[in-house]
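# kindly return the folded structure for what I paste below:
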Amino acid sequence: MDTNILLPRIKDTVDTVFRTDKPKFLGFLSVEEAAFTKKYLTNQNVKFTFFGGAENCERTYLGCFPQWLDEPQFPITALTFTFRDVDTLRHRDFLGALMALGLKRETVGDILIEKGRAVVFLNKDIADFVAKNLTKIGNVGVSAEFFHLQNLPKRDSLVEASATVASLRLDCVVSVLANCSRKTAVSMIESGLVSVNSVITEKSTKLISDGDVLAVRHKGKFIIASTDKRTKKDRIVLVYNKY
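Numbers count the residues shown, from 1 in each chain. Predicted coordinates:
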């Protein structure tokens, strides 16, 4: 996440609401970007909310809106892609095919997949283009239709847990999440086995914050929920959700 790019966009969104007295949107944001945005906006005199197209979405739009408006209509729609049950398509297959159409990452939200079907949340302005042009993913033919948010593919369930760490350095956090020594955690990180917010991170010194999504190969995927509490010995209480 590059806050030098994100922060001016957040400020512009807020300024537009004050200037026009109309809602303004920014997204899709990653979990990390949404956490940073929420923290910044908490001190601003503007109404805001996050929505990804359905409940519990990881990637969400920011909606800022004037005081007179109860809830904005988000510019999000969903497409259902169907394909043969014998074909195997994963999240990265769909995302790669969407990016190959020349789309910006911020226009694509969550991608939910099950056997023979996937639901993709998109900026509504590009939905028609995607429906017409995404007919094949690799060698697999797909067909698209607009979706009305019924019977979504099941998301991975989350289990909340907590632990204490001496530091929010990536190696310390991975050591706890993967239940391994810090030396082993460093080795996994340097070997490219750890990603933070979908980006492989090979620096053990990277600091982790609320909202970050960590994936440790062969160990699982985790969302950092809270890091603001301390024990009597001043260790950090790490609250996280595991898929």
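# tell me where the longest helix sits in the protein.
Using DSSP state H, we find that the single longest helix of the chain is helix 3-20.
# can I get the next helix-or-strand element following that helix in PDB? Just the C-alpha atoms.
Next along the chain after helix 3-20, taking DSSP states H and E as the criterion, comes strand 24-29. The C-alpha atoms that make up strand 24-29 are tabulated as PDB, following Å, rounded to 0.1, in the frame of the first residue of the first chain:
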ATOM      1  CA  LYS A  24     -18.500  10.300  -3.700                       C
ATOM      2  CA  PHE A  25     -16.900   6.800  -4.000                       C
ATOM      3  CA  LEU A  26     -13.400   5.400  -3.900                       C
ATOM      4  CA  GLY A  27     -12.600   1.800  -4.500                       C
ATOM      5  CA  PHE A  28     -12.300  -1.100  -4.600                       C
ATOM      6  CA  LEU A  29      -9.900  -0.900  -1.600                       C
END
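# which helices and strands sit right next to the following helix or strand past strand 24-29?
Next helix or strand after strand 24-29 toward the C-terminus (DSSP H and E): helix 31-41. Using 3 or more C-beta pairs under 8 Å, 6 or more residues apart in numbering; DSSP states H and E, the elements in contact with helix 31-41 are helix 3-20, strand 47-51, strand 60-65. From N, CA and C alone the C-beta is placed, and that goes for glycine too.
# hmm, who's touching the longest helix of the chain?
22-26, 33, 36-37, 40-41, 44, 46, 62, 64-66 (C-beta atoms under 8 Å, 6 or more residues apart in numbering).
# now the angle from that helix to helix 31-41?
50 degrees (axes from the mean of the first three to the mean of the last three C-alpha atoms, to 10 degrees).
# given the lowest-mean-pLDDT helix or strand in the chain, what are its sheet partners and their directions?
When the helices and strands of the chain are scored by mean pLDDT, DSSP states H and E, strand 199-200 comes last with a mean of 81. Using DSSP bridges, strand 199-200 pairs in its sheet with strand 194-196 (antiparallel).
# ranges for the helices of this structure?
3-20, 31-41, 91-100, 124-133, 170-177, 182-190.
# report the distance from the first one to the chain centre.
When distances are taken as C-alpha atoms, centre = their mean, to the nearest Å, helix 3-20 is centred 20 Å away from the chain's centroid.
# what mean pLDDT does it get?
The average of the pLDDT scores along helix 3-20 is 92.
# please identify the most buried of the helices and strands packed on helix 31-41.
Highest mean neighbour count of the helices and strands packed on helix 31-41: strand 60-65, a mean of 24 (counted as mean count of other C-beta atoms under 10 Å).
# list the helices and strands that strand packs on?
helix 3-20, strand 24-29, helix 31-41, strand 47-51.
# and of those, who's closest to residue 234?
Among these, helix 31-41 comes nearest to residue 234, with 22.5 Å by C-beta to C-beta.
# buried residues in the closest one?
Within helix 31-41, the residues scored as buried using 16 or more other C-beta atoms under 10 Å are 31-38, 41.
# please apply the same query to stretch 218-228.
219, 221-225, 227.
# now these as TSV including pLDDT and distance to residue 108?
Below are the buried residues of stretch 218-228 laid out as TSV (pLDDT from 0 to 100; distance: C-beta to C-beta, whole Å):
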residue	pLDDT	distance to residue 108
219	90	27
221	88	19
222	93	23
223	91	19
224	93	23
225	91	24
227	94	28
